[in-house]
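1. any chance you can model this:
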Amino acid sequence: MPALESTDGSRPAPEPLTKLPFEPVTRSHILHCSYDFWHPKYRTSALKSRIIPLSPAFLSYLREDGIVLPSETPTFPPPSTYNNNSTSDGWDSDPTPDPSLAFSSIHQQIFSTIDELGGLVAPKLNWSAPKDATWISMKKNSMECATPNDIYLLLKSSDFITHDLEHAFDDCAEDGTMKQEDIPYVLVLRKWFKVNPSCEFRCFVKDRRIIGICQRDLNHFDFLFPMRERLRDTILAYFDKTLKDTFPDSSFVFDVYLPEPYDKVRLVDINPWAPRTDPLLFSWLELLTMPLPKPLLGIPDSSANPSLPPSSSDEDTSHEDEDVEELVWKPEMRLVRKDDPEAYSFASPQYSAHKLPRDVVDASLGGESSMREFAENWKGMMEGGVEMQRPGEDSDSGDEGEEEVVRGVQECRLETD
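-> Presented below is the predicted three-dimensional model:
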């Protein structure tokens, strides 16, 4: 009798992944995550905010190179204080026109909205907030804005905002929704309040089920660990009641804020289920390949499954359920442990790649004369006219301007290193 062929090697080995196994990200999914799309539906649980539609003139202002603020700004000294006796040498000596004249109605609406929301707001566009530009803010490392010019300064200095304006549909599958240039852009102004970063969480939803929850702030907070179950149950209850069956896409990511006493959820943002969204304490490969239990029969998740047929046995089964303990699957809630690398400041500061040396910022805020002086010193250093001071060496030069430039370049090199 001939030997049976072994079937162990007939099944080919799975090929290694060369890219993340995402389903195609559609433009409609990106638009569903736009603030002006979802906020009206979930207004009662969202943070207090106002939405201002933006005109083409305002969008052109955001896209323009350089930062020119309206004349009422307290950031720059008035033109009368400039050194009018200096030669132009390529610098524009004509007064810069007020850019807000091109969008005066929006400018006034921003004024009114700031006053309506108590005098302080935090800005964002459809998807992104200018968190990477807080280094240039008058309020250090904060998005707190008290004037329209505070808002313009953040928006025009942010790479995140540029991504919203120029790359919103990058890597998206064509679905005939709309083109990049047809996106209805909006400015979102949220009422400013002091946020406790330990109370912000990111939730990952796959096929209308939360599969993971983690901190948004990558610092260790010891008091969160005894509250882990309570926080997770509060978030799950909110999701089941508010988002699960109402958001148009089955997979997405949402951010929440749980203020003390941690029994209410405030919806902060909804983000695309796409590589552009930061998975924080998870990885996208982990989330995309995570094994999940199949829905049990008889619970809301299993509405597509048939119900159990009635028992035809003559045996008494009335007490069987009393001996069976139902196991309910819950998603993992990841917190930063004390010994995690994320809990220490060994890494670069957040958004450090988007920062500039302090000297550059100070020069930009000092008006035309300061920028001219900084540019001349920088040019001299690049041509070898100014030597860079080594650590531990005393400066032989009494020129304070050169010392400022040297410190700026050293800081810049440290950032890039």
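
2. for the helix or strand encompassing Asp115, packing partners?
-> Applying DSSP states H and E as the criterion places Asp115 in helix 104-116. On a contact count with 3 or more CB pairs under 8 Å, 6 or more residues apart in numbering; DSSP states H and E, helix 104-116 meets strand 49-53, helix 148-156, strand 186-191. C-beta here means a position set from N, CA and C on the backbone, and glycine is covered the same way.

3. going by contacts, tell me the helices and strands next to the last one.
-> Right, strand 186-191. Using 3+ CB pairs under 8 Å, 6+ apart as the contact test, the elements touching strand 186-191 are helix 35-38, strand 49-53, helix 104-116, strand 121-124.

4. helices of this protein, start to end?
-> Under the criterion DSSP state H, the chain carries helices at the ranges 27-32, 35-38, 56-63, 104-116, 148-156, 159-166, 228-238, 284-288, 358-365, 368-382, 400-416.

5. alpha carbons of the fifth one, as CSV, please.
-> C-alpha atoms of helix 148-156 as CSV (Å, rounded to 0.1, in the frame of the first residue of the first chain):
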residue,chain,number,x,y,z
PRO,A,148,-7.1,87.3,17.4
ASN,A,149,-3.4,87.9,16.9
ASP,A,150,-2.5,85.2,19.5
ILE,A,151,-4.5,82.8,17.4
TYR,A,152,-3.0,83.9,14.1
LEU,A,153,0.5,83.6,15.5
LEU,A,154,-0.1,79.9,16.5
LEU,A,155,-1.9,78.9,13.3
LYS,A,156,0.8,80.4,11.0
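
6. got any ranges where the stretch 1-150 of the chain has weak pLDDT?
-> 1-17, 72-95 (pLDDT under 70).

7. picking that back up, which of the helices and strands packed on helix 104-116 sits most buried?
-> Greatest average neighbour count among the helices and strands packed on helix 104-116 goes to helix 148-156 (a mean of 23), per mean count of other CB atoms under 10 Å.

8. how near is the residue nearest to Val253 when sequence neighbours are not counted to Ile30?
-> Spatial nearest neighbour of Val253, excluding adjacent residues (CB to CB, 6 or more residues apart in numbering): Asn271 at 4.2 Å. Per CB to CB, to the nearest Å, Asn271 is found 10 Å from Ile30.

9. and the residue nearest to Arg232 when sequence neighbours are not counted, what does it touch?
-> Spatial nearest neighbour of Arg232, excluding adjacent residues (CB to CB, 6+ apart): Met333 at 4.6 Å. The neighbourhood of Met333, defined by CB atoms under 8 Å, 6 or more residues apart in numbering, consists of 212-214, 228, 231-232.

10. any residues in contact with both of Asn271 and Ile30?
-> With CB under 8 Å, 6+ apart, Asn271 and Ile30 have common neighbours Trp127.

11. list the buried residues for the helix holding Asp115?
-> Buried residues in helix 104-116, counted by 16 or more other CB atoms under 10 Å: 106-107, 109-110, 113-114.

12. circling back to that earlier point, as CSV, the helices and strands packed on strand 186-191 with distance to Pro24 would be great.
-> Below are the helices and strands packed on strand 186-191 laid out as CSV (distance: least, CB to CB, whole Å):
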stretch, distance to Pro24
helix 35-38, 20
strand 49-53, 29
helix 104-116, 35
strand 121-124, 27
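
13. any chance of CSV for the buried residues of helix 104-116, columns distance to Glu260?
-> Shown next, in CSV, are the buried residues of helix 104-116 (distance: CB to CB, whole Å):
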residue, distance to Glu260
Ile106, 37
His107, 37
Gln109, 34
Ile110, 32
Thr113, 28
Ile114, 27
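
14. sorry, back to before: contact partners of the helix holding Asp115?
-> The contact list for helix 104-116 (CB under 8 Å, 6+ apart) reads 50, 52, 54-55, 58, 70, 100, 120-121, 145-148, 151, 187, 189.

15. do stretch 165-178 as well
-> Contact partners of stretch 165-178, identified using CB under 8 Å, 6+ apart, comprise 24-31, 59, 62-63, 125-127, 179-180, 183, 185, 274-276.

16. what do you get for stretch 118-132?
-> Residues outside stretch 118-132 that contact it (CB under 8 Å, 6+ apart): 30, 33-36, 113-114, 143-146, 151, 154-155, 157-161, 163-165, 168, 183, 185-192, 271, 351, 354.

17. between the buried residues of helix 104-116, which sits nearest Asp255?
-> The shortest gap between Asp255 and any of these belongs to Thr113, at 22.7 Å (CB to CB).

18. how close does the closest one get to Asp98?
-> Where Asp98 is concerned, Thr113 sits at a distance of 20 Å (CB to CB).

19. Ser28 now?
-> From Ser28 over to Asp98 the distance is 39 Å, taken as CB to CB.
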